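>>> structure of the sequence below:
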Amino acid sequence: MDKLRAMETFVAVVEGGNFTEAAKRMEISAVMVGKYVRDLEERLGARLLERTTRRQNLTDAGRVFFEDVKRALEHMRIAETSVERLRASPSGTLRISAPITFGGCVIAPLAATFRQKYPLVRIELELSNRNVDLIDDGFDVAIRIGDLGDADLIAKPLTAYRMVICASPGYLAQYGRPQTPQDLSAHQVLSHSMWRSHGGWRLENDDSPDATTDSMFTCNDGNGLRMAAIAGAGLLLQPEILVASDLASGTLVQVLQAYSPRPRPVHIVYRRDQRPLPKLTRFVAYLLDHISERDTSHRNTEPPTSG
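Below you'll find the predicted structure:
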């Protein structure tokens with residue numbers, strides 16, 4: 001029996017509350033979870049869990065063993081990390097949190113090419129629009145748009161998050177090109193469902209800084225709204241990175257440039273560490289270099305547009 005694996009499985013059972021949750025966490029069958037626990041009990045000569053058909057509880061021996069095993073596994077993790085720091089080449093698991101659109105369009109492909117350069121690094125990328133807690137949620141780095149949140153984190157600026165207003169050529173031929181936000185009342189506008197709380201679109205405008213619109217088409221996914229705009233459903237307000245290729249090809253046409261929302265800063269954030277791991281420092285440097293190059297290239301090749 002793999003003693004270390006058995007110990008990890010036992011901890012997963014206690015923390016997950018049952019064999020099924022432990023099996024998911026360990027990526028093994030519930031039958032194998034039970035075998036590991038039984039083998040541990042036989043090795044120790046003591047019952048660790050009292051199990052019934054509906055619940056399980058730690059025995060006194062199980063409670064003491066659980067605490068000692070957790071400490072032992074944590075010391076093992078620290079020891080592995082210490083060795084990892086000595087390696088010249090990045091390795092180990094790099095857990096990244098990023099917003100859905102920016103993460104999917106920018107971070108995912110860069111993380112893939114980073115891993116091609118450093119094949120000993122395992123990437124775990126979670127796309128979510130929530131601000132994760134790096135410590136509690138177990139992430140190495142996070143991408144933040146706008147508010148940075150925790151002031152104790154190191155933050156490096158990556159780029160500006162720009163929003164654009166656009167529509168398909170067919171839609172503009174039918175409804176005309178809006179010149180000011182006031183013209184939007186005569187148009188079909190596409191809106192993200194999360195914007196309902198503040199009334200829809202908010203645009204930069206000298207007369208009305210918080211111009212809002214009422215939408216007859218909402219969706220909870222930016223790419224879904226993009227596809228609707230390409231199909232001619234209406235005017236789209238979405239991140240530039242999501243529609244850059246459509247604007248370049250003419251599938252979508254930008255309008256109302258002067259009223260696009262003010263760009264927000266994008267940062268990569270990570271915890272303060274006296275001895276950061278190579279996987280972290282190289283990834284941060286990689287993003288800083290390649291996102292800067294990507295922005296420069298995009299700006300130099302973007303075709304001129306008018307509102």
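>>> phi first, then psi, for residue 159.
phi -170, psi -170 (degrees, to the nearest 10).
>>> shouldn't it be in contact with residue 290?
No - between residue 159 and residue 290 there is no contact under C-beta atoms under 8 Å: 10.6 Å. (Each C-beta comes from the backbone N, C-alpha and C, glycine too.)
>>> ok, the two, which is more surrounded?
Neighbours per residue (other C-beta atoms under 10 Å) separate residue 159 from residue 290, with residue 159 holding more: 20 against 16.
>>> beta partners for that one?
Bridge pairing for residue 159 (DSSP bridges) gives the partners residue 266.
>>> how far away is it from residue 268?
Using C-beta to C-beta, to the nearest Å, residue 159 is found at 10 Å from residue 268.
>>> okay, helices next: where are they in the stretch 201-307 of the chain?
Per DSSP state H, counting those that start in this stretch, the stretch 201-307 of the chain carries helices over the ranges 222-230, 240-249, 278-301.
>>> would JSON lines of these with mean pLDDT and distance to residue 108 be doable?
Below are the helices of the stretch 201-307 of the chain laid out as JSON lines (pLDDT from 0 to 100; distance: least, C-beta to C-beta, whole Å):
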{"stretch": "helix 222-230", "mean pLDDT": "94", "distance to residue 108": "13"}
{"stretch": "helix 240-249", "mean pLDDT": "94", "distance to residue 108": "12"}
{"stretch": "helix 278-301", "mean pLDDT": "76", "distance to residue 108": "12"}
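>>> among these, which is the most enclosed?
Burial of the helices of the stretch 201-307 of the chain is given as mean neighbour count (mean count of other C-beta atoms under 10 Å); helix 222-230 ranks first at a mean of 19.
>>> just how off-centre is that one within its chain?
Averaging C-alpha coordinates over helix 222-230 and over its chain gives two centres that are 20 Å apart (C-alpha atoms, centre = their mean, to the nearest Å).
>>> using the three-state scheme, assign residue 74.
State at residue 74, reduced to three classes by DSSP: H, G, I helix; E, B strand; the rest coil: helix.
>>> and for it, the neighbour number?
By other C-beta under 10 Å, 10 other residues sit near residue 74.
>>> dump the residue contacts of it.
Going by C-beta atoms under 8 Å, 6 or more residues apart in numbering, residue 74 touches no other residue.
>>> residue 192 versus that one, what's the distance?
For residue 74, the distance to residue 192 - C-beta to C-beta - is 42 Å.
>>> show me the shaky parts of the stretch 1-150 of the chain.
Scanning the stretch 1-150 of the chain for pLDDT under 70 picks out the ranges 1, 52-54, 82-88, 149-150.
>>> so, low pLDDT: which residues of the stretch 151-300 of the chain?
151, 195-200, 205-214, 274, 293-300.
>>> if we go to 80?
Along the stretch 151-300 of the chain, the parts satisfying pLDDT under 80 run over 151, 194-216, 273-275, 292-300.
>>> quick one on the thing from earlier: could you export the helices of the stretch 201-307 of the chain as JSON lines, including distance to residue 81?
Below are the helices of the stretch 201-307 of the chain laid out as JSON lines (distance: least, C-beta to C-beta, whole Å):
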{"stretch": "helix 222-230", "distance to residue 81": "37"}
{"stretch": "helix 240-249", "distance to residue 81": "34"}
{"stretch": "helix 278-301", "distance to residue 81": "11"}
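>>> which one, of those helices, ends up nearest to residue 94?
Nearest to residue 94, of all the helices of the stretch 201-307 of the chain, is helix 278-301, at 4.9 Å by C-beta to C-beta.
>>> mind checking how far residue 225 is from residue 289?
31 Å.
>>> okay, and residue 155 sits in which element?
strand 154-161 (DSSP states H and E).
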